[in-house]
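>>> Just to be clear, the model below is a prediction. Sequence and coordinates:
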Amino acid sequence: MSNRPRSEPNSSITMPQASSAVEPPEDEPLVRVMALHALSYCERLFYLEEVEEIRVADAPVYAGRRLHDDLLPDDEQASERRSWELSSTRWGIFGKVDAARRRDGPWVVYEHKRGRCRRGPNKEPRAWPSDQLQAVAYAVLLEEELGQPVPEARVRYHRDNVTARVAVDEAAREELRQAIQRARELRAQTTRPPVHENERVCTGCSLKVVCLPEEERLEERPHSPTFFPANREGQTLHVVSPKAQVSRSGETLVVRQDDSQRQTVPIRLVDSVVVHGHAQVTTQAIHLCAHHGIGVHWLTAGGRFKASTMNSFGRVQQRLRQYEALSDETTCINLARQLVHAKVESQLRYILRGTRGNESARSAVQTDIERIREAMRKLDSAQSPDTLLGLEGLAAKSYFAGLPQLLSASVPSELHFSGRTKRPPRDRFNCLLGFGYGLLQSAVTRAILAVGLEPSLGFYHRPRSAAHPLVLDLMELFRVPLWDMPLVGSLNRGQWQIEDDFELRPGHVWLSDTGRKKALTLFEQRLEESAKHPHTGQALTYARMLELEVRLLEKEWTGCPGHFAKFRLR
Ligand code: SF4
């Protein structure tokens, strides 16, 4: 039996009239049926996904996709069609029907869901309102495609192993009409709708990490649940060997070094790809990463950031809000003050902590401590970026002057530090410092692109060719905790070999392959370590904290200010 639907009209059933639809103006894009599902769940979710084009493929979303991929026919007697792409300009919607089936009577639309159903008064299975709306939308699409009425839709809930029936009657059509109209209104507005009033709804929302509803509720409900995840969902794939090639095989990245060395990594386990030096990445692999919203970042072999690809097109409203906010000088100077304060305080706390209980070291850094404190006192009254830059520079000079006192006596003199040299690094310590800051730069870039902000528009650093100002801004928060501290700790533990881990060239020092791998491991381990964020009170990995600070920065101009740059070393 053919599984193609037949479209001959059924004379016993009358078709709904054309006037019942809600035809949009000719140039208005159609609304995705899945977006109507989101709209029914939460208007803010609809707005984030459809207007700001922020979509997160978390574990349940992957599982949902697998469910749809795995659907198998279960009724050999029925005419059936699966994954059927349909659209209607009359209704102004488009979407992909999971399955449509007909045995003896009219066609029935099937929608498959992983979760549980709702229950009626007699425990009978019922569809959730958002699933119901989605199923009705597919039914009217099918109706128009076939020229036949589709009076019923069914939603299959796999966790309960039950099917809920949905009547495609006039009341359901009217609800659909209103939802489509509301979707169009929301698409035209420039501000995010408020968070859902029921915090339990947020628990199952794939965008809770992006939306951060707890921040918005904090004032009214200080004990709201926290949704921001403490750990990363994926890992960074670092490709270090210049001979390596990253290619694609289905939903997997394949890293080949030569014919004998081949490593496969499922894309769902990866949160970004960082290519060090001249390894190759195929177009197919870049497409796979882009499809899953995974950035590919290129660094030089010395750790200097070169470029990124990230599928973050669209997001126009988000960018417009950023441009508007960061075009305001008062906003910029206030944010810059908070940022520099956080950085200088971290430097001070690290020097204090590193010399605690060591009288000779403490007295050696006492003048530096006083100078940093003095710079901090003046920060609050700084009224221009130049003044802030000057104070930050003074504090940095004293910090780097005091930093050698944190190295233990067992650290060989070749690894000591006697002042900052950048391009090129002239000693081993500066080589390590620069390489780690390069890794930090790529990690901050990843976080900014993942959140969807424009890295070229910052509030403190001036535009220059080598780096994005917003990346440089946010790096200031993390230089001490994410690299200076683990680096000094690793030196004190004797983890670096002065010969094997470095390559000395005339006038500069590079990391060798083994040195680079050690630095990558140290940095990635640090990203996995947790610290308590003062605002949420949560212990977060540093990888998550990077992202949280970017999101809190965005909240400064999206109606929930006052939480950015509050993290401090203990
Ligand atoms: S987290 Fe809550 S408020 Fe935010 S989009 Fe999801 S459901 Fe809506």
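Structure received.
>>> For the rest of this, base every contact and every neighbour count on C-alpha atoms.
Noted.
>>> count of neighbours near A171?
For A171, the neighbour count with other Cα atoms under 10 Å is 10.
>>> The helix or strand encompassing it: which residues count as buried?
Per DSSP states H and E: A171 is located in helix 170-188. Neighbour-count burial for helix 170-188, counted by 16 or more other Cα atoms under 10 Å, picks out A172, R173, L176, R177, A179, I180, Q181, A183, R184, L186.
>>> and the stretch 1-150 of the chain, which residues reach the ligand?
C42, R44, L45 (Cα under 6 Å from any ligand atom).
>>> How many neighbouring residues does the last one have?
Around L45 there are 30 other residues, counting by other Cα under 10 Å.
>>> Report the contact partners of the residue nearest to it when sequence neighbours are not counted.
Spatial nearest neighbour of L45, chain neighbours left out: A38 (6.0 Å); criterion: Cα to Cα, 6 or more residues apart in numbering. Going by Cα atoms under 8 Å, 6 or more residues apart in numbering, A38 touches L45, F46, S130.
>>> ok so A38 is a helix residue?
Yes. Assessed with DSSP: H, G, I helix; E, B strand; the rest coil, A38 lies in a helix.
>>> distance of it from L207?
11 Å (Cα to Cα, to the nearest Å).
>>> In this protein, where's the longest helix?
In the chain, with assignment by DSSP state H, the single longest helix is helix 329-354.
>>> Next, the buried residues of it.
Buried residues in helix 329-354 (16+ other Cα under 10 Å): 332-352, 354.
>>> likewise stretch 140-149?
Buried, per 16+ other Cα under 10 Å, within stretch 140-149: V140, L141, L142, E143, E144, L146, Q148, P149.
>>> chain center to stretch 381-395: distance?
Computed by Cα atoms, centre = their mean, to the nearest Å, the chain-centroid distance of stretch 381-395 equals 32 Å.
>>> what pLDDT, on average, does it get?
Average pLDDT, stretch 381-395: 92.
>>> Run through who's touching that stretch.
With contact meaning Cα under 8 Å, 6+ apart, stretch 381-395 is reached by I333, A336, R337, V340, V344, R371, I372, A375, M376, K378, L379, Y460.
>>> Tell me the buried residues in that stretch?
Buried-residue list, stretch 381-395, by 16+ other Cα under 10 Å: A382, S384, P385, L388, L389, L391, E392, L394, A395.
>>> Output those residues as a markdown table; include the columns distance to the ligand.
Output for the buried residues of stretch 381-395, formatted as a markdown table (distance: Cα to the nearest ligand atom, whole Å):
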| residue | distance to the ligand |
| --- | --- |
| A382 | 37 |
| S384 | 36 |
| P385 | 35 |
| L388 | 36 |
| L389 | 37 |
| L391 | 39 |
| E392 | 37 |
| L394 | 42 |
| A395 | 40 |
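>>> circling back to that earlier point, any residues in contact with both of A38 and L207?
Joint contacts of A38 and L207 (Cα under 8 Å, 6+ apart) are L45.
>>> quick one: is stretch 177-196 near the ligand?
Yes. Judged by Cα under 6 Å from any ligand atom, stretch 177-196 comes into contact with the ligand at V195, H196.
>>> So for stretch 120-132, what gets flagged as buried?
P125, R126, A127, W128, S130, D131, Q132.
>>> so which of the residues you listed would you say is closest to the ligand?
S130 (12.4 Å; Cα to the nearest ligand atom).
>>> quick one on the thing from earlier: could you point out which of the contacts of stretch 381-395 is nearest to the ligand?
The closest of the contacts of stretch 381-395 to the ligand turns out to be A336 (Cα to the nearest ligand atom; 28.3 Å).
>>> which residues of the stretch 151-300 of the chain fall in helices?
170-188, 199-203, 208-211, 213-217, 283-291 (DSSP state H, counting those that start in this stretch).
>>> One more: the stretch 1-150 of the chain?
33-41, 43-46, 59-70, 129-146.
>>> Out of those, which gets nearest to L553?
helix 43-46 (19.1 Å; Cα to Cα).
>>> now for that closest one, which elements pack on it?
Applying 3 or more Cα pairs under 8 Å, 6 or more residues apart in numbering; DSSP states H and E, one finds that helix 43-46 contacts helix 33-41.
>>> Sort out which residues of the helix it packs on are buried, please.
Taking 16+ other Cα under 10 Å as the criterion, helix 33-41 shows V33, M34, A35, L36, H37, A38, L39, S40, Y41 as buried.
>>> right, and the last one touches S130 too?
Yes. When contacts are counted by Cα atoms under 8 Å, Y41 is listed as touching S130 (5.8 Å).
>>> Enumerate every residue touching P424.
P424 touches G507, H508, V509, counting by Cα under 8 Å, 6+ apart.
>>> repeat for R362
L352, T355, R356.
>>> can you rerun that using 7 Å?
T355 (Cα atoms under 7 Å, 6 or more residues apart in numbering).
>>> For it, what are phi and psi?
The phi and psi values for R362, taken as degrees, to the nearest 10, are phi -60, psi -40.
>>> And T387, by the same measure?
phi -60, psi -40.
>>> and it, how far is that from K518?
In terms of Cα to Cα, T387 sits 38 Å off from K518.
>>> what do you get for V274?
For V274 relative to K518 (Cα to Cα), the value is 16 Å.
>>> Tell me which of the two has more neighbours.
Shown here are V274 and K518; by other Cα under 10 Å, V274 has more neighbours (21 against 17).
>>> Next one: the more buried one from E52, what distance?
V274 is 26 Å from E52, by Cα to Cα.
>>> ranking the contacts of P424 by neighbours, who comes first?
Sorting these by how many neighbours each has (other Cα under 10 Å) puts V509 first, at 20 neighbours.
>>> is it true that it touches N430?
No. Look at V509 against N430 with Cα atoms under 7 Å: they stay out of range, at 8.4 Å.
>>> re the thing from before, redo the contacts of stretch 381-395 as a markdown table? Include distance to H468.
What follows is those, written out as a markdown table (distance: Cα to Cα, whole Å):
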| residue | distance to H468 |
| --- | --- |
| I333 | 18 |
| A336 | 16 |
| R337 | 19 |
| V340 | 18 |
| V344 | 21 |
| R371 | 30 |
| I372 | 27 |
| A375 | 26 |
| M376 | 26 |
| K378 | 27 |
| L379 | 24 |
| Y460 | 11 |
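>>> out of those residues, which one sits closest to Q318?
Among the contacts of stretch 381-395, and counting by Cα to Cα, the member closest to Q318 is Y460, at 19.7 Å.
>>> Strands of the stretch 301-450 of the chain, start to end?
305-309 (DSSP state E, counting those that start in this stretch).
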